[in-house]
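[1] Below is the sequence, then the predicted model.
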Amino acid sequence: MSAPRNSPSTARPAQADHPAGSAATTSAGLDAPYVIVGGGPVGMSLALDLGWRGIPVILLEQSTHTTANPRCNTTNARSMEYFRRWGLADRIRRAGLPGDQATDAVYTTSITGYELTRFRLSSSDEVFAGSAPEAAEWPTPELQHRISQIYLEPILEQELRRYASVTVRRGVRVEGLTQDEDSVTVHGTEVATGRPVSYRAGYVIGCDGGASEVRRAVGARFVGDPRVGDRRMSIHFRSEKLEIPGPRPGWWYWWHGEHHHGAFMQLDGHSQYLCHARVREGQDLESADPHLALREAVGRDFPYEIIDVVRWTPRRMVADTFRRGRVLLAGDAAHIWVNLGGFGMNAGIADAVALSWRLAALHAGWGTPDLLDDYALERRSVGESTSRAAASIGGYIEDALADPRLHEDTEEGAELRTRVGARLHEVDRAQWHSLGIQLGTRYAGSPGLAAGTDAEPPEGEGGMGSYVPSVLPGVRLPHFWLAEGDAVFDRLGQGLTLLRVGAGAPQAAGLVEAARDAGIPLTVLDLPDEAGAVYERRLVLVRPDMHVAWSGDEQPEGGARMLRLLCGFDRTPAATAGEGTSR
C-alpha cells in the first residue's frame with residue numbers, strides 16, 4: 001500500500017470574533033501570547049503547530065545550532081501522521097539513511113559474530129513504492145521511519161522559518177520565571193554577550209529537557225524510579241572503514257560482549273554510528289572504556305574516530321504536575337524513561353500536538369484555560385503508562401544473551417543460538433511492531449471527552465504490540481483511505497471535525513448550528529458507506545489532536561452544551577463533559 005503524496009489542506013474554518021462567550025486572548029503588553037523554552041523536537045513541533053495555525057509564538061533555545069547528539073533515532077507512525085499534516089512527512093522520510101537502506105533489527109553476539117535472529121523492516125524507498133510488507137499490518141498512512149535526531153531537527157527548524165508568526169531566538173539561556181495573574185515573564189541571558197533578556201507571555205511552555213529549568217522554576221518535581229537497570233555509555237563515532245557483514249546490513253544491532261552489551265545503530269548508512277553500551281553493576285561508569293565497548297560491539301578492531309561519549313543513568317520519572325498556573329511542561333521536561341522502543345521523543349511530540357490546539361482555542365476565544373487542565377490530566381496518564389512500557393523492554397534480552405556458549409563455534413553453541421534466536425523473535429516482536437503504543441493511546445476520564453469514556457475498549461486493545469481500531473471517545477481516530485487518494489487525516493479541519501459516515505448518516509444540522517452559534521470552528525466531512533466498516537458509528541466528532549471526542553448514530557441530546565463543555569466552558573465539579581451528552 002502506497003501512501004499518497006498529497007499535501008493536506010491548511011484552510012481554516014471561519015470563526016466568530018469573540019466565540020463561545022469569551023473574549024479572545026489579547027497580546028497587549030506581551031512579547032507574544034506564548035513563549036516556548038527549548039528548541040528540540042518537542043519545542044519545535046509545538047511551535048510548528050502554532051505557526052501552522054498562524055498564532056504568534058517565541059521559541060527560546062540556549063544552543064546556537066540544532067543538536068549534534070543522536071539521542072533519538074526513530075520517528076514513529078503517530079509522529080509521522082502529525083508531520084504529514086504539516087506537509088513534512090515526505091521530506092523527513094527522505095532524510096537520514098539512504099533510501100535503499102533496510103531498517104532491520106538484528107540480534108547478534110557481535111556485529112561480525114553470530115546472527116541470532118532479525119526483524120526484517122523496510123527501507124524508505126519501499127515505503128514510497130508501496131512495497132513495504134509492514135503496510136499490510138499497520139493501519140496508518142505513514143509508517144514509522146528510522147531517522148536520527150541530528151537529521152530531523154534541521155528539517156523542523158527550516159520549516160519553522162517559513163512561518164511569520166514564529167520567532168526563533170537561539171543563544172538564550174533561560175534562568176528563571178516570574179508569574180502573576182495575567183502573564184509569565186521569562187528571565188534569561190544572551191549566551192554570546194552576557195546581556196540579560198526577558199520575555200513576557202500569556203503562557204510559557206517548558207520543553208527544555210530532563211534538566212528543565214522551567215520545571216524547577218515552578219516547583220514541579222519528578223517522581224518515579226531514579227534508576228532502571230544498568231547505567232549507559234553512548235558512543236557517537238565515525239568510521240569510513242567499518243563494513244557491516246552480510247547481504248542485507250541492518251539498521252539496529254543488539255550485541256553482547258564479555259564486559260559490556262548494548263545496541264548499535266547506523267545513522268547515515270555510510271560513516272556515522274551510535275553505540276549504546278551498558279555498564280554492569282560493580283563497574284565504574286566514569287572509567288568505563290568506550291574503545292573496549294566498540295571492540296566488543298563490532299567483534300574486532302577497526303579504525304574509527306570518536307565524536308562524543310555521553311555517560312548516563314536510565315530513569316523512569318514523570319512530573320507530579322504538567323501545569324502550574326500559566327506554565328506547562330511537555331516532552332522530557334515532563335517525563336523521561338529508558339530509551340528503548342523509541343517512545344521518548346515521540347511521546348513529547350504527541351504532548352506538543354495535544355497542547356497546541358488547546359492553546360490555539362484559548363488564543364482565539366473558543367476554549368478556556370480548563371482545556372489546559374485536560375492536557376495535564378490526559379498526557380500525564382500517557383507518560384505514566386508509556387514509561388512503564390519502555391522500562392519493561394530488554395530484561396529478557398539480557399538474560400537470553402548472557403550465556404557464553406552463544407559465542408562458541410561448537411554444535412552445542414549452534415543449537416543454543418537457534419533456540420535463543422527463536423525465543424527472541426517471539427518475545428521482542430512488540431518492540432518493533434509497537435502498534436499499541438504508537439496508535440492505541442486512549443484517554444479516559446477526561447472532561448475533554450464526551451460520554452462513554454469509561455466504556456470497555458475492544459478485545460485485544462491495550463498491549464504494546466496490539467491495536468484494535470475503534471471510535472470510543474478518547475481513542476486516536478482510525479485511518480481510512482478516501483477514493484481520491486487522500487487519508488481522512490488530510491481532510492480534518494484545524495478545529496473540531498464532524499465525520500458523517502455513509503449516505504444514511506444524519507445531517508446533524510443541530511450540532512453544526514450549535515457550533516456556528518458558539519463560534520467553535522467545526523469542519524463537516526462526509527465519508528462513503530465503506531468507511532462504516534472502520535468507524536462503526538454514523539457520526540464521529542474529532543478533536544484537532546485527531547482523538548475522538550464523541551461518537552454516536554444520532555445527534556447528541558444537548559449538543560450545544562456538549563460542545564461548550566468539550567471546549568472548557570460551563571464546567572463545574574459535578575458537570576463534566578461525560579454527563580448526558582450522547583445517546
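    Noted; the coordinates are in hand. Everything quoted here is computed from the prediction, not taken from an experiment.
[2] quick one: buried residues of the lengthiest strand in the chain?
    Ranked by residue count under DSSP state E, the longest strand found in the chain is strand 196-206. Using 16 or more other CB atoms under 10 Å as the test for burial, strand 196-206 gives 197, 199-206. Glycine gets a C-beta too; all of them are placed from N, C-alpha and C.
[3] That one - which strands sit beside it in the sheet, and in what orientation?
    strand 32-37 (parallel), strand 184-190 (antiparallel), strand 327-329 (parallel) (DSSP bridges).
[4] Looking at these, which is nearest to residue 448?
    Set against residue 448 and scored by CB to CB, the strands paired with strand 196-206 come closest in strand 327-329, at 14.9 Å.
[5] Quick check: what element follows that closest one along the chain?
    strand 335-336 (DSSP states H and E).
[6] same for that next one, what does it pack against?
    Helices and strands touching strand 335-336, as assessed by 3 or more CB pairs under 8 Å, 6 or more residues apart in numbering; DSSP states H and E, comprise strand 316-319, helix 343-364, helix 370-391.
[7] Quick one: mean pLDDT over the second one.
    So that's helix 343-364. Mean pLDDT, helix 343-364: 95.
[8] Next, the angle strand 32-37 makes with it.
    170 degrees (axes from the mean of the first three to the mean of the last three CA atoms, to 10 degrees).
[9] same deal with the last one?
    Relative orientation of helix 370-391 versus strand 32-37 (the same axes, to 10 degrees): 20 degrees.
[10] buried sites along helix 370-391?
    For helix 370-391, by 16+ other CB under 10 Å, it's 370-383, 385-387, 389-391.
[11] And that helix, how far out from the chain middle?
    With CA atoms, centre = their mean, to the nearest Å as the basis, helix 370-391 stands 12 Å off its chain's centre.
[12] repeat for the shortest one
    Strand 316-319 has its average C-alpha position 16 Å from the chain's average C-alpha position, going by CA atoms, centre = their mean.
[13] Could you spell out the sheet neighbours of the helix or strand just after that strand, each with its direction?
    Sequence-wise, the next helix or strand downstream of strand 316-319 (DSSP H and E) is strand 323-324. Its sheet considered, strand 323-324 pairs with strand 327-329 (antiparallel) by DSSP bridges.
[14] Can you name the residues that contact the spatially most central residue of the chain?
    Nearest to the mean C-alpha position of the chain, counting by CA atoms, centre = their mean, stands residue 346 at 2.1 Å. Neighbouring residues of residue 346 by CB atoms under 8 Å, 6 or more residues apart in numbering: 72, 74-76, 78-79, 438.
[15] quick check: mean pLDDT across the one helix or strand residue 551 maps to?
    Using DSSP H and E, residue 551 maps to strand 548-552. On average, the pLDDT along strand 548-552 is 97.
[16] and it, what does it pack onto?
    strand 539-542, helix 559-566.
[17] Need the contact partners of the shortest one.
    Strand 539-542 is contacted from outside by 450, 471, 477, 492, 496-501, 505-506, 508, 511, 548-555, using CB under 8 Å, 6+ apart.
[18] Can you list the strands that the helix or strand containing residue 60 pairs with?
    Assigned by DSSP H and E, residue 60 belongs to strand 57-61. The strands that strand 57-61 pairs with in its sheet are strand 32-37 (parallel), strand 166-170 (parallel) (by DSSP bridges).
[19] And those strands: which comes nearest residue 536?
    Closest to residue 536 of the strands paired with strand 57-61 is strand 32-37 (CB to CB; 37.1 Å).
[20] List the buried residues for that closest one?
    Buried-residue list, strand 32-37, by 16+ other CB under 10 Å: 32-37.
[21] how about the residues you listed in TSV, adding pLDDT and distance to residue 156?
    Shown next, in TSV, are the buried residues of strand 32-37 (pLDDT from 0 to 100; distance: CB to CB, whole Å):
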residue	pLDDT	distance to residue 156
32	98	19
33	98	21
34	98	17
35	98	18
36	98	13
37	98	16
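[22] Just give me the closest of those to residue 144.
    Nearest to residue 144 among the buried residues of strand 32-37: residue 36, at 25.6 Å, using CB to CB.
[23] Check the gap between the closest one and residue 199 for me.
    Separation of residue 36 from residue 199 (CB to CB, to the nearest Å): 10 Å.
[24] Could you do residue 284 as well?
    Residue 284 is 43 Å from residue 199, by CB to CB.
[25] In the stretch 1-150 of the chain, where is pLDDT below threshold?
    Scanning the stretch 1-150 of the chain for pLDDT under 70 picks out 1-28.
[26] Show me the strands in it, by range?
    Using DSSP state E, counting those that start in this stretch, the strands of the stretch 1-150 of the chain run over 32-37, 57-61, 105-108, 115-119.
[27] Endpoint to endpoint, stretch 276-285 covers what distance?
    Start-to-end span of stretch 276-285 (CA to CA, to the nearest Å) is 13 Å.
[28] now do stretch 226-244
    Start-to-end, stretch 226-244 (CA to CA) is 36 Å.
[29] try stretch 468-484
    25 Å.
[30] With stretch 309-324 instead?
    Stretch 309-324 has its terminal residues 35 Å apart, counting by CA to CA.
[31] Can you mark which positions in it are buried?
    Residues of stretch 309-324 classed as buried by neighbour count (16+ other CB under 10 Å): 311, 314-319, 321-324.
[32] same question, stretch 353-366
    353-366.
[33] about what we covered before: among the contacts of strand 539-542, which are located in strands?
    496-501, 548-552.
[34] and which of those residues is nearest to residue 444?
    residue 548 (12.0 Å).
[35] Let me see the contact set for the closest one.
    Residues in contact with residue 548, defined by CB under 8 Å, 6+ apart, are 449, 471-477, 540-542.
[36] Against residue 477, how distant is residue 554?
    Taken as CB to CB, the span from residue 554 to residue 477 is 20 Å.
[37] my guess is residue 44 contacts residue 154, does it?
    No. Applying CB atoms under 8 Å as the test, residue 44 and residue 154 come out as separate, 10.2 Å apart.
[38] Pick out whichever of these two has more residues nearby.
    residue 44 (28 against 13; other CB atoms under 10 Å).
[39] what pLDDT does residue 413 get?
    On the pLDDT scale, residue 413 gets 95.
[40] Quickly note the distance from it to residue 109.
    From residue 413 to residue 109 the distance is 9 Å (CB to CB).
[41] quick one: residue 253 and residue 317, what's the gap?
    In terms of CB to CB, residue 253 sits 28 Å off from residue 317.
[42] Thought residue 265 was touching residue 96, still the case?
    No. Distance between residue 96 and residue 265: 10.8 Å, which falls outside the contact criterion (CB under 8 Å).
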